[in-house]
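A.B. asks: sharing a model prediction with you, sequence too.
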Protein chains: 4
Amino acid sequence: MAIKRIGILTSGGDCAGLNSIIRAVYAHAKGHFGWEVIGIHNGTAGLLARPVEATALDERVAGSDMLRQGGTILGTTNKGDPFAFLQEDGSHIDRSGEVIEGFRLLGLDALIGIGGDGSLDILRRLAIQGGFQLVAIPKTIDNDLGATELSIGFETAVQTATSALDHLQPTAASHSRVMVLEVMGRDAGHIALSAGIAGGADVILIPEIRYSFAAIEKKLADLRKGGRNFALVIVAEAVRTENGQSITSVHGGGATAMQTYGGIGHYIGTELAKRSGAETRVTVLGHVQRGGTPEPKDRVLGSAFGVHAVDLIAEGKFDRMVAWNSRRVIDVPIVDAIKGAATVDPHGTLVKTARGLGISFGD
Amino acid sequence: MAIKRIGILTSGGDCAGLNSIIRAVYAHAKGHFGWEVIGIHNGTAGLLARPVEATALDERVAGSDMLRQGGTILGTTNKGDPFAFLQEDGSHIDRSGEVIEGFRLLGLDALIGIGGDGSLDILRRLAIQGGFQLVAIPKTIDNDLGATELSIGFETAVQTATSALDHLQPTAASHSRVMVLEVMGRDAGHIALSAGIAGGADVILIPEIRYSFAAIEKKLADLRKGGRNFALVIVAEAVRTENGQSITSVHGGGATAMQTYGGIGHYIGTELAKRSGAETRVTVLGHVQRGGTPEPKDRVLGSAFGVHAVDLIAEGKFDRMVAWNSRRVIDVPIVDAIKGAATVDPHGTLVKTARGLGISFGD
Amino acid sequence: MAIKRIGILTSGGDCAGLNSIIRAVYAHAKGHFGWEVIGIHNGTAGLLARPVEATALDERVAGSDMLRQGGTILGTTNKGDPFAFLQEDGSHIDRSGEVIEGFRLLGLDALIGIGGDGSLDILRRLAIQGGFQLVAIPKTIDNDLGATELSIGFETAVQTATSALDHLQPTAASHSRVMVLEVMGRDAGHIALSAGIAGGADVILIPEIRYSFAAIEKKLADLRKGGRNFALVIVAEAVRTENGQSITSVHGGGATAMQTYGGIGHYIGTELAKRSGAETRVTVLGHVQRGGTPEPKDRVLGSAFGVHAVDLIAEGKFDRMVAWNSRRVIDVPIVDAIKGAATVDPHGTLVKTARGLGISFGD
Amino acid sequence: MAIKRIGILTSGGDCAGLNSIIRAVYAHAKGHFGWEVIGIHNGTAGLLARPVEATALDERVAGSDMLRQGGTILGTTNKGDPFAFLQEDGSHIDRSGEVIEGFRLLGLDALIGIGGDGSLDILRRLAIQGGFQLVAIPKTIDNDLGATELSIGFETAVQTATSALDHLQPTAASHSRVMVLEVMGRDAGHIALSAGIAGGADVILIPEIRYSFAAIEKKLADLRKGGRNFALVIVAEAVRTENGQSITSVHGGGATAMQTYGGIGHYIGTELAKRSGAETRVTVLGHVQRGGTPEPKDRVLGSAFGVHAVDLIAEGKFDRMVAWNSRRVIDVPIVDAIKGAATVDPHGTLVKTARGLGISFGD
């Protein structure tokens, strides 16, 4: 089938580098192959809307400002699984058929879907059910997709978290404080681990390694004995209470219009203050991790992924996800990418590095 | 009296630019006048300790890394008013005599004290009671000292807060969210006002202007009508609840080892979500506002203040504070600086500017 | 006369903060007064072109991305004085009449002109000759307009130059080198002076203070004696050779399509290497000083200037320039601003500060 | 042999991340194994000096400021191959024996050498001749060591070069100019290629792909036809003139105390201006590429390399270089790393990406 018109959508939490992908897809699809590129708004929500919410992309997305701009100009959503769409009365219904119909209404020959494991799983099921051609691009600041060394957004999130530690260290030292920084990482501790090493954390708490306050306290006491008057603790949001409880159940509540982030950071900080008596302050980095100016790596990666995704469509290779491996772009079956989160290896290079530096994981 | 040895201390919350002052004081006092410079540790706490905690500064503080390093190498504290020193049992006693004795034990001919209005008030009373020579340098990220156009730390705090809005805008737009950013400003809204203008906020809430949720809601509704799918709200920590209650009384608790910041931001966010139904997210910037790499302006200002403070000592002009006025350093009586917070003028240039831009103050 | 439509143009070298002005002018003129705002392209060149090159501004300039974007979306030029327009054959003719006619063709009730002293002088003469209403906004990274404490673009240029010194210091120290950094400053040394202090320069060369290589050499020798293995030298582009010759006459050439910047930096570096034998490297910062992400101060200033300029038009106050003075916007006669460059005061605060820090001016 | 004392030196051009290595080596060697760590000054020059110039490292190198500080606290040199040491009279002599003797005088059980291909080749020959134990760590901003995916310093250099393009784009657009940026890359175009993609360059010139001015001109003409009023050109310093001549031979001269960088950028700029008539400006980024605040990746990589190098010594594995491969640290024979520069693959992922984006290589 000759390709004439393709769609592109971003799905799930936004991050840095998405606009680099959109720019690259347009530049290559339009510039080299002469295809029309339709930007679908707000993930699958744009395909559910009637009229379908989408725009033909034009030269305005070709500018270099797209490289420098965080977020996604297409909009995105991390709500609304169309297979179990949440209705106002709290019940769920299957609206996948409407999404597929939306895709057909746009007259698309193929779709480039950008998302994390959850989004890609949904998009793949839609593609199979709807019989349409899908190419996937991995995006998650958590970098927990196993089939690729890097996902879009991770490097910039690490940069933002590292910069926060860079800011906190001098004020911690000036006031002899323990500073706790909570960073994102819903299923995996990659951001906390990389930023913790890069930003000089003394303690790194990640969901992959079980901690105890006794062990953390020992580390803080060792630092004091060595003459250090402050400490930096970085904690991934997915970390649980000491006895393994999810912090969401501690705080109660659910997914409402207004969610409070930062449960675990405040929990850790409060407990450490109680146990050690040290002046303790907590910072929850939150959404500033998503929207920063993309790091060069995320811009290069986004450009490479976008160009390669277009090439896959041109070659008729579908149901595949582009991936980064040993300094080059490859592609893998989408199904390989959504097998489950690639969490931090507790015996891997970076954990060994951190331990070598004397960083404690609280274990 | 010929000066031979001076002391320097930093007091109150730390901020960017303090090390530039210390560097400049050392360079000028030692390099030009040949005086010895004693760095006192942790504000007046170092003078309370026995032995007194202080170090003779040497060439290591002359390096340019001091310009780039946030915080204060001398340490500081915002606890422990020596005139009403908090004891373990909760009672307060007057330990000012010990502080003055500490000053004498160091054999100092004069003291350079760096602090905000509270610290400078204490230092001045100590100087009068103890009969020692004091020169003051203004420092507060809040920039609410009336006698100087700029205090050390303000420009860097504004830069950090602006950068946070720069990070939040793309993710707000990608997800059609209302983003609330809480920034520092204990008594005044200067940081929120400047960063709000610079970072493109739609709503700025400061303690100097009374807001209502109805007015904020109207602004958000106007934005939606105009086609905007997101909004940025910046709020100073000193802002109260709609009915004028301090948020600390809402949250209960007091000054304990572990303080939770961010009350008002979460309050505003929760209310806005409830009233508008908009997806709302809150970020509390917290301590990252203090320790960033000092902006050039804070480095230049710190250098100018440090040099001028030394000159004042050399000229025998005491009980004076250096200040910035119309592009040059002047000096004013310390007492002029501690008359009360210089809050935002609701009819001043920046409020008019913000209103001209269409920004709402919720009034 | 009731205002209905105003024009805005940027003239002279571009800088950070111009788009903040354009955004503020549009927001206030359109949002508050309901005027139409016409953006004229490429300074007076847009008024010379037929058809006149200009666009009615719309909501797209109201976004916060305008705050973060360097340069000017209107385009600018620093060629083509219409009173002495350079023709292809090298002769000059007076085309001021055509510019004024262009202004009339647009049907404008008033013009906001953004420029430095040269541009404002030209615009003012055009306004007088053409009988149109002009309000001016000061812009020059050199900050050498006397009637205002700050011009748009200066703070960002200082930030970029300071950051360059921050980058150069570690590599200078690692290699025991003398690093020479040439920064902009056509008539005045303000950027070199502020960035030199902020970035820890050892030697600052500015056109306002005559230097000798003997004095510089003495400073470098003193540093070596004190154990320092490196030195940082910052030099303003307007500095001349030791015997007072302009470096352009040394290098020959004139204003051609391709101009080489950096004459004086290389001259200083070459001479220092020759005289001291020290390994010396030269960096010419060039155009990266213009286009950086605007500092918060330039965004706030640009916003304040834009709003106030619109207010001046509304109040019927013309032939005036907005200015920054003691933390607020004022306005002054344009003629006050173009009386000649406000150069660095060799006895002013910042020179005294620099000398207090032990920095040499080579005198 | 039980290890008790190891040495560490940095050699060749400095870059970001070196201090992270030194910190990690000290932390792991001292903290875990209890070894003494001797920091040798200025590469092999410290071993040539008598007394040998070296210092036992202590807790001061364990601070997190080492992560944030560019350059190398040990000092380095890229002069003085000890096998062919340049004497004052211009002749060369073999001083390798003295270097080896210097190593013995320090009583070291093993050496960690940090350098690029040239330095590592020299260190390896010294180790073989002197019979000492060597572990190597790859460092080059050019990233042209084949045996590792990443060398220390590359990511930060790319960040600095990308940031320069980010600065140049708005001023290029404001003035309708062609901006030429010359970046480092002595033997390979990796920096120019990555930064060119990330910063939105229109033309990337690298030594691996032969260009012609005719082809560049065609690209610039195409941009103009498409309505673009500016262009960004990035060029690696190793690029030659159109007819293949090295620019050093064009400029004459040799390695003197004062070297002028930037030949090829000015050559390209001058030629483009001549041929197209477009206003053209050239920026030579120079040494600001070396000393920036290390990117998180360089800090993590440096930490991982340092820890792994110590582990290699502990395991008695010598003559090996640590390397980065597929998200983990491995080690390879040093000899594999110095086989010749790993230049840009003209058919590799990034060149294909760039072409997909419409970027021209001038071919």
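C.D. replies: Cool, the structure landed.

A.B. asks: measure the most far-flung residue of chain A relative to its centre to A:K218 for me?
C.D. replies: In chain A, the residue that sits farthest from the middle, by Cα atoms, centre = their mean, is A:K225; the gap is 38.4 Å. Distance of A:K225 to A:K218, computed by Cβ to Cβ, to the nearest Å: 10 Å. In short, each C-beta sits where N, CA and C put it, glycine included.

A.B. asks: swap in A:V329?
C.D. replies: A:V329 is 45 Å from A:K218, by Cβ to Cβ.

A.B. asks: those two: which has the busier surroundings?
C.D. replies: More neighbours surround A:V329 than the other of A:V329 and A:K218, with 21 against 13 (other Cβ atoms under 10 Å in any protein chain shown).

A.B. asks: so which helix or strand takes in the residue nearest to the more buried one when sequence neighbours are not counted?
C.D. replies: Leaving aside its sequence neighbours, A:V329 sits nearest to A:H308 (Cβ to Cβ, 6 or more residues apart in numbering or on different chains; 4.4 Å). Counting by DSSP states H and E, the element that carries A:H308 is helix A:296-314.

A.B. asks: so which elements touch the helix or strand where A:G7 lies?
C.D. replies: Per DSSP H and E, A:G7 falls inside strand A:5-10. When contacts are defined as 3 or more Cβ pairs under 8 Å, 6 or more residues apart in numbering or on different chains; DSSP states H and E, strand A:5-10 packs onto helix A:18-31, strand A:36-40, helix A:44-48, strand A:110-115.

A.B. asks: so of the ones you listed, which one's packed in deepest?
C.D. replies: Mean neighbours per residue, mean count of other Cβ atoms under 10 Å in any protein chain shown, is largest over these for strand A:110-115, with a mean of 28.

A.B. asks: ok, it: who's next to it in the sheet?
C.D. replies: Its sheet considered, strand A:110-115 pairs with strand A:5-10 (parallel), strand A:134-138 (parallel) by DSSP bridges.

A.B. asks: for those, which one sits closest to B:I152?
C.D. replies: Closest to B:I152 of the strands paired with strand A:110-115, according to Cβ to Cβ: strand A:5-10, at 43.0 Å.

A.B. asks: flag every residue of the stretch 101-250 of chain A that's near chain D.
C.D. replies: A:149, A:155, A:158-159, A:162, A:165-166, A:169, A:194-195, A:197-200, A:226-227, A:232 (Cβ under 8 Å from any Cβ of the partner chain).

A.B. asks: what does the stretch 51-200 of chain A put close to chain C?
C.D. replies: Contacts of the stretch 51-200 of chain A with chain C, taken as Cβ under 8 Å from any Cβ, map to A:65, A:69.

A.B. asks: helices along the stretch 51-200 of chain A, start to end?
C.D. replies: Here the stretch 51-200 of chain A has its helices, by DSSP state H, counting those that start in this stretch, at A:65-68, A:96-105, A:117-130, A:154-175, A:190-198.

A.B. asks: a markdown table please, covering these and showing mean pLDDT and mean neighbour count.
C.D. replies: Below are the helices of the stretch 51-200 of chain A laid out as a markdown table (pLDDT from 0 to 100; neighbours: other Cβ atoms under 10 Å in any protein chain shown):
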| stretch | mean pLDDT | mean neighbour count |
| --- | --- | --- |
| helix A:65-68 | 96 | 23 |
| helix A:96-105 | 96 | 18 |
| helix A:117-130 | 96 | 20 |
| helix A:154-175 | 96 | 27 |
| helix A:190-198 | 98 | 30 |
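
A.B. asks: out of these, which gets nearest to D:A136?
C.D. replies: D:A136 sits nearest to helix A:190-198 of all the helices of the stretch 51-200 of chain A, at 21.7 Å, using Cβ to Cβ.

A.B. asks: do any residues in that closest one lie close to chain B?
C.D. replies: No: using Cβ under 8 Å from any Cβ, we find that helix A:190-198 stays clear of chain B, coming within 13.1 Å at best.

A.B. asks: next secondary structure after that helix?
C.D. replies: From helix A:190-198, the next helix or strand downstream (DSSP H and E) is strand A:203-205.

A.B. asks: go ahead and name everything in contact with that next one.
C.D. replies: Outside of strand A:203-205, the residues within contact range by Cβ atoms under 8 Å, 6 or more residues apart in numbering or on different chains are A:189, A:192-193, A:196-197, A:211, A:216, A:219-220, A:231-236, A:239, A:268, A:354, A:359-362.
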